[in-house]
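Undergrad: Show me how the following folds:
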Amino acid sequence: MTMMYQPNPYPAPVIEQGSQPFWEAAKEGKFLIKYCKSCNQPHWYPRTLCPFCFGETDWKEASGKGEIYTLSVMQRGNPNPYCIAYVKLDEGVTMMTQIVDCDLESLKIGMKVKLVFKPTEGDGPPVPMFTPI
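TA: A predicted model of the protein is given here:
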């Protein structure tokens, strides 16, 4: 038996001063992560200062590919089941996200995934999510 993903409405994200370049790039279909200008380490969640050495950071485009680190399929209390997951990006950072557009019962830790942007309510920018490759 399959349990297919069905979209839920996604609220528009709050765009703060430091996150504006991320959301502008998302509108163009680009996925950005922060890198430190001093130690060159990537990190997620984006911050103004590097969490490793406190150096200044800069946005760089990411590949949008990774693998599922861990996941949980949420099916109770919601008519549309969905999957919350941590995805380890090829760049080395891990982010919390949703896995979409697939049979939720087929998902496995270690499965390769790729980025997809999903629209949000109103005029909000699209949000990054992942789907199996």
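Undergrad: how about the strands of the chain, start to end?
TA: In the chain, the segments counted as strands under DSSP state E are 32-36, 42-43, 57-61, 65-74, 82-89, 94-99, 112-118, 127-132.
Undergrad: Let me have those strands in CSV, adding mean pLDDT, distance to Gly18 and mean neighbour count as columns.
TA: In this view, the C-beta of every residue, glycine as well, is placed from N, C-alpha and C. Formatted as CSV, the entries for these read as follows, by pLDDT from 0 to 100; distance: least, Cβ to Cβ, whole Å; neighbours: other Cβ atoms under 10 Å:
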stretch, mean pLDDT, distance to Gly18, mean neighbour count
strand 32-36, 97, 10, 21
strand 42-43, 95, 13, 18
strand 57-61, 97, 10, 14
strand 65-74, 96, 23, 16
strand 82-89, 96, 20, 19
strand 94-99, 97, 17, 18
strand 112-118, 97, 20, 17
strand 127-132, 97, 17, 19
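Undergrad: So which of these is nearest Pro13?
TA: Between Pro13 and these, the shortest separation by Cβ to Cβ is 6.3 Å, and it involves strand 127-132.
Undergrad: Using CSV, write out every CA atom in that closest one.
TA: C-alpha atoms of strand 127-132 as CSV (Å, rounded to 0.1, in the frame of the first residue of the first chain):
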residue,chain,number,x,y,z
VAL,A,127,10.3,27.5,0.1
PRO,A,128,13.0,24.8,-0.4
MET,A,129,12.0,21.2,0.0
PHE,A,130,13.4,17.9,-1.4
THR,A,131,12.2,15.0,-3.4
PRO,A,132,13.9,11.6,-4.1
